[in-house]
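# one predicted model, sequence on top.
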There are 4 protein chains.
Amino acid sequence: MKVGVLTGGGDCPGLNAVIRAVVRKGVQEYGYDFTGFRDGWRGPLEGDTVPLDIPAVRGILPRGGTVLGSSRTNPLKQRDGIRRIKENLSALGVDALITIGGEDTLGVATRLADEYGVPCVGVPKTIDNDLSATDYTFGFDTAVGIATEAIDRLHTTAESHMRVLVVEVMGRHAGWIALHSGLAGGANVILIPEQRFDVEQVCTWVTSRFRASYAPIVVVAEGAVPRDGDMVLKDESLDSYGHVRLSGVGEWLAKQIEKRTGKEARTTVLGHVQRGGTPSAFDRWLATRFGLHAIDCVRDGDFGKMVALRGTDIVRVPIAEATARLKTVDPALYEEVGVFFG
Amino acid sequence: MKVGVLTGGGDCPGLNAVIRAVVRKGVQEYGYDFTGFRDGWRGPLEGDTVPLDIPAVRGILPRGGTVLGSSRTNPLKQRDGIRRIKENLSALGVDALITIGGEDTLGVATRLADEYGVPCVGVPKTIDNDLSATDYTFGFDTAVGIATEAIDRLHTTAESHMRVLVVEVMGRHAGWIALHSGLAGGANVILIPEQRFDVEQVCTWVTSRFRASYAPIVVVAEGAVPRDGDMVLKDESLDSYGHVRLSGVGEWLAKQIEKRTGKEARTTVLGHVQRGGTPSAFDRWLATRFGLHAIDCVRDGDFGKMVALRGTDIVRVPIAEATARLKTVDPALYEEVGVFFG
Amino acid sequence: MKVGVLTGGGDCPGLNAVIRAVVRKGVQEYGYDFTGFRDGWRGPLEGDTVPLDIPAVRGILPRGGTVLGSSRTNPLKQRDGIRRIKENLSALGVDALITIGGEDTLGVATRLADEYGVPCVGVPKTIDNDLSATDYTFGFDTAVGIATEAIDRLHTTAESHMRVLVVEVMGRHAGWIALHSGLAGGANVILIPEQRFDVEQVCTWVTSRFRASYAPIVVVAEGAVPRDGDMVLKDESLDSYGHVRLSGVGEWLAKQIEKRTGKEARTTVLGHVQRGGTPSAFDRWLATRFGLHAIDCVRDGDFGKMVALRGTDIVRVPIAEATARLKTVDPALYEEVGVFFG
Amino acid sequence: MKVGVLTGGGDCPGLNAVIRAVVRKGVQEYGYDFTGFRDGWRGPLEGDTVPLDIPAVRGILPRGGTVLGSSRTNPLKQRDGIRRIKENLSALGVDALITIGGEDTLGVATRLADEYGVPCVGVPKTIDNDLSATDYTFGFDTAVGIATEAIDRLHTTAESHMRVLVVEVMGRHAGWIALHSGLAGGANVILIPEQRFDVEQVCTWVTSRFRASYAPIVVVAEGAVPRDGDMVLKDESLDSYGHVRLSGVGEWLAKQIEKRTGKEARTTVLGHVQRGGTPSAFDRWLATRFGLHAIDCVRDGDFGKMVALRGTDIVRVPIAEATARLKTVDPALYEEVGVFFG
């Protein structure tokens, strides 16, 4: 049995932990051979492989990124992409494929399985935590931890200068990182893509916070959008909600707050720091267990499935079902957290 | 409505986050008054209170420990303890009590409710994560994170000197901290209280690790016990499993490894560092949500209940049921993790 | 003896440690009284004070920011500013003033001393480490630590995607943070305000790094400037070197690299996170010792002096001399570090 | 030119940074070849080498420990040890040797140079910071940071339970780690090997701290010793001061405090965690600069020298002089810090 492994899409702390777990268990317990594919779907598309055995995965557990490399190469957009992958897998003698990735990566796996009968197992990966069918995805806890630590740091500087600090975190379509890090960091306003925000309401919260002699921290997801009419955008584009997308919502919001409240406001855009570096203990645990269960799917011949977290259990769900819709923040949860605004 | 709040048992990162959430929501949304009791059950037993309002909970979210103080005072062991508490609560005009604690603390709450009809709501707290009915308790993630970071650090010193490093972590009756931090830290052996360990097997794993030119890390829960006959103990006592308890299993094990393998071994006992300091983002999230739901129980008149985590939901379960049995590590999970031993 | 204390300019981890040390030693050993002034020079200018005694400084050692508040209020720019301060100090019975701040704040202290004979002692504060006469200023080590951790995190994401990561750090006029964090973080290019950079040279280093199968990290101080002719700026202004100042050099550079090398480049602007939060152990040590020596200056009647670090000793230097010129990166040191470029 | 490199004695964060800097500059700027020796002096004694070139040092900057391995092997204690080393170096064509280590390791280098004319350059290494001739040694700042973070964590647990927390840190003969981490962590008592302590005085400080409604943290160096008569020891031995050495001074002290004050006391022994893991930014900076200057000594033919930090400069001093005496804590500095006791 020869198993191919690839990691696609944006990188995420925990990818290496998955790879290590897959290989350790596959080799030691089931005697499988492995082939690593380089840079996501580019690997099988071009037949670009890298050796993958126990020595290759030693010491990678605490390391961020992916030793296999990643890319956003989408074979569905290339002529004969899927067919070329099928041929390369056959030529390499790969019997099954473990694909670690988000919606796009797993979507290709579904096509491969459906059209060419390639046995695929999926491992969900999105730092934004917006994939249905799993309670959490690895990388998310690390990102939330990094954002929370940044917010902790910004409190003291905000209060020393009685300034507003706006922190823009990741989350194009879902506000999970904003919600979790904002709550954990004691932010006074949290803005998410799922609910258009009202700049006047934000300013009311900001002002009320200053009245209590504290300085406000505003956490805003990169995909958060103000209500219609609140702004005129130059670089506007429509996002997946049909909303106007804003490049640099943090900067824009800080300027609005300054103009409307008369208080100084500063912006911090956390950016790629959120997705790099060593995974948190939680993410190493989750990613490792995902890997262990993914290789068990292969052994069981249980293909077309994705591993997922439910409570404290790892379960198997159909890949197609899992990627069907985005997991966004429930309005009730957002309201629950709203008690800390202002 | 006047609500009393107390924290009992060993302290735990996240206690302050619970207190803050209870008070913020209780005051802002429901207009309740609060009374803080000092040092767990000692507070209501002696009528020792501390003011508890929104200014009192400002800024405490990221702080470890508990602003209310804690103690292991058990009113069940005092003459008329439960009756005196009942009288003090009446005298202070306290209408309901939120008790944040582990088995012992919540057990008293059950008695208070059953015998005197005092309306109680429980919030589960155990750094060991060994309370049934909830997927996780706050404080656990922080402890695992601290232990994992320590294990990360010990790898490099182990390998530079080709030594065995034994790390003793918390966990008297349940091996959750050892299991999670050991897996996340890439330990080569993990020993938990739920399964007696065989020193010879440990030495086999240690030796096999050295053969791969790496140095082994052995993570052992403080309550782990070797098989019968493996040791003669001077300070022996029986634990709740009827096992012989060992004081200082880490030190003992290191000596055994040195004697049997001829390799140098060193021990690190992490101790109280695991339960102090700022909570992780995960624990702040969980503790805050526990607090928000606990005060909702009060508002709903839903007493005798404990809040609990199930997946990503906060649910309510009967206190009595929740503390009925210890949540220990499932043998199947321990075996799953065993692929990384040696 | 009544001693006034104020903190001016941008906040910096360690300010609270200075305040605590001054008060602890002043009260316990010398029996002094203290008056805290709010928000830098605004405090004495408007007679805005805050009580300052041992209870007021308990627990503030590990906290970032300043309990006294800070501002950039410059009394030299206000009519009769210096005279009003003098009058307020007299009215409040303040016998001596400890001013904790950078060039501007200490400059006012010099004027107060020279023109009105107000006994002043200075404590140097600049997160940029660009004050002459002292080996280091507190806050700098914390900022370097935060920037280094961010760079560590960015390596893995850079390599997983074979992208260039540009990290913009603080440092308008001096490149100390860029130099130290860039070296400590293993950056492949470090650009500082002291030496104009050549975009072509940067691209050569970037390309050479990719050839070694690694992805480059470029650390750039916010005040770094490309060579004449390299760019056309819209929002240009002259900095203290007579250089054209660039707003957003990081973003600009990333675009240039993409255009010239054909590689993807991403920018991270660390911003205020660098100056917030708990001080490093080194900064707590340094700030505390500065405080202890500042209050000794008061006791010795040694006014007009600033405390400074020389090796491991705290010494006293004339304030005026200390602020005379900016401490910038020596070309020889920059060249020493250049061995790691490319 | 072929240069040998070895690391001896206990490991220390920063060793890899030195090795990397030596090799990077030696190869790139001077065209040297390198030979790595395994496990300190064992390497040249037995001719055990490891390849050392630019690929071998990639990525090691942030890693703790030493890729060359270390040991306490002392060739002076072996028959013909020095002569065998000389012969192996000749056989391998090694023209100069860079030895990174503490007193013992550098002592051998001195003998090699004096007796056999082997050209040696020393790089000082001691986590305890007790080597004369240099302001700081790398590894020390990391150790202080780890100990300070632990103390930060212990404050909250101490205060929640109104307990004494005794923290035992490294430092057999010098109290630098205790002094710096104790001051930075806001400890209420700091005990160092340089001054015998009086248990009664410690108890007075502990009691006074409780009176202020806070709980005390006592930081004690592992080599700290109580005054004569204060204790009867079973495992006694004489240390380098002629003092009685105590194994487990932390545990002993906690028991004494409990007995004399009636307060609960707990002990944390930080152990090897202090010397492992990724170096702080300060230590990476210092270690890298030591490496760059050590290879410059080789190029200059300036042998018998050790690199050292003076202020912000790296200087060269005779090895023999540098190791002549231990750098211990000055009584005046200890007294300066004493203002925070109690």
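Received, thanks. Numbering: from 1, shown residues only, chains lettered A, B, ... in the order given.
# what's the average pLDDT for the longest helix anywhere in chain A?
Ordering each helix of chain A by length in residues (DSSP state H) puts helix A:140-161 first. The average pLDDT within helix A:140-161 is 95.
# other SSEs contacting it?
Under the contact definition 3 or more Cβ pairs under 8 Å, 6 or more residues apart in numbering or on different chains; DSSP states H and E, helix A:140-161 sits against strand A:164-169, helix A:176-184, strand A:217-221, helix A:281-300, helix B:281-300. C-beta here means a position set from N, CA and C on the backbone, and glycine is covered the same way.
# format the ones you listed as a markdown table; extra columns: mean pLDDT.
A markdown table is the format used below for these (pLDDT from 0 to 100):
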| stretch | mean pLDDT |
| --- | --- |
| strand A:164-169 | 96 |
| helix A:176-184 | 98 |
| strand A:217-221 | 97 |
| helix A:281-300 | 98 |
| helix B:281-300 | 98 |
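# looking at chain A, which residue is nearest chain D?
Minimum separation of chain A from chain D (Cβ to the nearest Cβ) falls at residue A:278, amounting to 9.2 Å.
# residues in contact with that residue?
With contact taken as Cβ atoms under 8 Å, 6 or more residues apart in numbering or on different chains, residue A:278 is in contact with A:13, A:62-64, A:142, B:152, C:153.
# farthest-separated two in the residues you listed?
When the contacts of residue A:278 are compared pair by pair using Cβ to Cβ, the two farthest from each other are B:152 and C:153, 14.8 Å apart.
# up against chain C, what does the stretch 1-150 of chain A have?
Listed as neighbours of chain C in the stretch 1-150 of chain A under the rule Cβ under 8 Å from any Cβ of the partner chain: A:7, A:10-11, A:13, A:15, A:63-66, A:69-71, A:146, A:149-150.
# do stretch A:181-196 and chain B come into contact?
Yes. For stretch A:181-196 and chain B, the contact criterion (Cβ under 8 Å from any Cβ) is met by A:181, A:183-186.
# buried ones in that stretch, by neighbour count?
With burial defined by 16 or more other Cβ atoms under 10 Å in any protein chain shown, the residues of stretch A:181-196 counted as buried are A:181-196.
# stretch A:15-30 now?
A:15-27.
# ok, it near chain B or not?
Yes. Using Cβ under 8 Å from any Cβ, a contact is recorded between stretch A:15-30 and chain B, made by A:24-25, A:28-29.
# other residues contacting stretch A:101-111?
Judged by Cβ under 8 Å, 6+ apart, the contacts made with stretch A:101-111 from elsewhere in the structure are A:6-10, A:40-41, A:72, A:74-76, A:82, A:97, A:99, A:120, A:122-126, A:131, A:304, A:306, A:319-320, A:322-323.
# just the buried members of these?
By neighbour count, with 16+ other Cβ under 10 Å, those hold A:6-10, A:40-41, A:74-75, A:82, A:97, A:99, A:120, A:122-126, A:131, A:304, A:306, A:319-320, A:322-323 as buried.
# circling back: residue B:215: which of the residues of stretch A:15-30 next to chain B is nearest?
Proximity to residue B:215 was ranked across the residues of stretch A:15-30 next to chain B by Cβ to Cβ; first place goes to residue A:24, at 18.1 Å.
# quick one, what contacts the residue sitting nearest the centre point of chain A?
To find the centre residue of chain A, average its C-alpha atoms and take the closest one (Cα atoms, centre = their mean): that gives residue A:127, at 1.6 Å. Contacts were defined as Cβ under 8 Å, 6+ apart; by that measure residue A:127 touches A:10, A:12, A:137, A:139-140, A:143, A:170, A:177, A:274-275.
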